[in-house]
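In: 3D model of this:
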Amino acid sequence: MKFGVPELIIILVIVLLIFGAGKLPQVGSSLGKAIHSFRRGMAGEEDSEKPGDKPGDKPATTATKS
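Out: So this is what the prediction gives:
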């Protein structure tokens with residue numbers, strides 16, 4: 001099944017009606033991140049974050065004044 005230009009225009013109009021023009025960039029960004037993450041997972045790559053980069057991995061330091 002191939003999509004031509006008329007079909008793509010109809011799909012775009014429906015998406016604009018559902019999400020609105022303001023949220024469309026956010027939806028596109030979220031979709032792009034999800035696809036990128038899925039491809040990384042399928043390729044078997046692990047997260048590129050270092051263990052020290054996560055907030056839970058850093059030791060909590062508190063300064064107290066007396």
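
In: How confident was the prediction at Asp47?
Out: In this model, Asp47 is scored at 52, pLDDT.

In: hmm, I was thinking of Pro51
Out: Reported pLDDT for Pro51: 54.

In: Then Lys58?
Out: So, for Lys58, pLDDT stands at 54.

In: Low-confidence bits of this structure, can you list those?
Out: Scanning the chain for pLDDT under 70 picks out the ranges 45-66.

In: Where do the helices of it begin and end?
Out: Assigned by DSSP state H, the helices in the chain fall at 5-43.

In: and the gap between His36 and Gly22?
Out: 23 Å (CB to CB, to the nearest Å). Using the backbone N, CA and C atoms, a C-beta is placed for each residue, glycine as well.

In: So for those two, which residue has more residues nearby?
Out: Each of His36 and Gly22 has its neighbours counted (other CB atoms under 10 Å); His36 has more, 10 against 7.

In: ok, for Val27, nearest residue in space, not its chain neighbours?
Out: In space, and not counting its chain neighbours, Val27 is closest to Phe19: 5.4 Å by CB to CB, 6 or more residues apart in numbering.

In: what's the burial count for that neighbour?
Out: Using other CB under 10 Å, Phe19 has 14 neighbouring residues.

In: One more: Ala34?
Out: 10.

In: separation between it and Val15?
Out: From Ala34 to Val15 the distance is 16 Å (CB to CB).

In: Repeat that for Leu24.
Out: 7 Å.

In: How about Gly22?
Out: 13 Å.

In: cool, Gly32 as well?
Out: Separation of Gly32 from Val15 (CB to CB): 15 Å.

In: Could you do Lys2 as well?
Out: On the measure of CB to CB, Lys2 and Val15 end up 19 Å apart.

In: Have a look at these two and say which one is more surrounded.
Out: Neighbours were tallied for Lys2 and for Val15 using other CB under 10 Å; the higher tally belongs to Val15 (13 against 4).
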